[in-house]
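Q: missing the sequence, but the structure's below:
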């Protein structure tokens, strides 16, 4: 889709390498659920004709943002729970807390990946 | 895994005051997103992608338009949004019109985009290709 010289920049959430299936279930407990690609993006980008790629770990900022979402929904508890229902509200907050914990433990990572098409 | 009905329900909540307040407090934006891309990170994307007037951006998995519409509005580029849930793109199209952003929205999976090679100056997505 890109023109030659076109730029790609995207965020990806993935697991740390070497996790057991049980750890992945725990660490992946919220959307996006399809998070098992691993850190193989540079090789994929090179194979697709990209160059000048960079991978930046933004996991710490990700954990902070997840914390912020938890706090924001808690601050709007009455209205948001009325909108989404008791079960969805509770499930989401639990899943986000697990995600933040997983990020802090290094089990769940978020990266910013950039590349230029040759 | 979220179903199409889940997405439809989610996008029907866009604009609810409590959701807008929460999104603004977390992301610094109000596009109906439940995203981990903050406004500061979106601004970083704009610089990395070298977005500017006359350039064309593709945002894959755009949902209701964050950050694609914001990137277009803040840099002057045009944007094409793609996603599978139609409800989100309908919200996005209205926001594009409201913000005076040029571009379009297309219901399509990121794994099979019906777009010509060599069409875009920049491509982005947030936590979609995982």
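A: That came through fine. Remember, predicted model here, so these are calculated numbers, not experimental data.
Q: residue 58 - how many residues pack around it?
A: Going with chain A. Using other C-beta atoms under 10 Å in any protein chain shown, residue A:58 has 21 neighbouring residues. In short, each C-beta sits where N, CA and C put it, glycine included.
Q: oops, wrong one, chain B.
A: With other C-beta under 10 Å as criterion, residue B:58 counts 26.
Q: so it: helix, strand or coil?
A: What DSSP: H, G, I helix; E, B strand; the rest coil gives for residue B:58 is strand.
Q: now do the same contact list for it.
A: A:1, B:79, B:80, B:82, B:115, B:119, B:120, B:122, B:123, B:124 (C-beta atoms under 8 Å, 6 or more residues apart in numbering or on different chains).
Q: just the closest of these to residue A:55, please.
A: Nearest to residue A:55 out of the contacts of residue B:58 is residue B:124 (C-beta to C-beta; 15.4 Å).
Q: report the buried residues of whichever strand or helix holds the closest one.
A: In this assignment (DSSP states H and E), residue B:124 forms part of strand B:120-126. By 16 or more other C-beta atoms under 10 Å in any protein chain shown, the buried positions in strand B:120-126 come out as B:120, B:121, B:122, B:123, B:124, B:125, B:126.
Q: beta partners of the last one?
A: Looking back up the chat, that one is residue B:126. Residue B:126 forms beta bridges with residue A:11, as assigned by DSSP bridges.
Q: now the strand holding residue B:124: mean pLDDT?
A: For strand B:120-126, mean pLDDT rounds to 96.
Q: which elements pack onto that strand?
A: Using 3 or more C-beta pairs under 8 Å, 6 or more residues apart in numbering or on different chains; DSSP states H and E as the contact test, the elements touching strand B:120-126 are strand A:2-15, strand B:56-60.
Q: turn those strands into JSON lines, including mean pLDDT and distance to residue B:13.
A: Output for the helices and strands packed on strand B:120-126, formatted as JSON lines (pLDDT from 0 to 100; distance: least, C-beta to C-beta, whole Å):
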{"stretch": "strand A:2-15", "mean pLDDT": "94", "distance to residue B:13": "23"}
{"stretch": "strand B:56-60", "mean pLDDT": "97", "distance to residue B:13": "21"}
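Q: please identify the most buried of the ones you listed.
A: Comparing the helices and strands packed on strand B:120-126 by mean neighbour count (mean count of other C-beta atoms under 10 Å in any protein chain shown), strand B:56-60 comes out on top with a mean of 25.
Q: tell me if the next helix or strand after that one is near chain A.
A: Next helix or strand after strand B:56-60 toward the C-terminus (DSSP H and E): helix B:68-75. No. Using C-beta under 8 Å from any C-beta of the partner chain, helix B:68-75 stays clear of chain A, coming no nearer than 10.2 Å.
Q: could you do stretch B:91-110 as well?
A: No. If you take C-beta under 8 Å from any C-beta as the test, stretch B:91-110 misses chain A, and the best it gets is 10.5 Å.
Q: and the end-to-end length of that stretch?
A: With C-alpha to C-alpha, to the nearest Å as the measure, the first residue of stretch B:91-110 is 19 Å from its last.
Q: give me the distance from it to the chain's centre.
A: Its chain's C-alpha centre and that of stretch B:91-110 lie 8 Å apart, by C-alpha atoms, centre = their mean, to the nearest Å.
Q: re the thing from before, nearest to residue A:97, of the helices and strands packed on strand B:120-126?
A: With respect to residue A:97, and counting by C-beta to C-beta, the nearest of the helices and strands packed on strand B:120-126 is strand A:2-15 at 15.9 Å.
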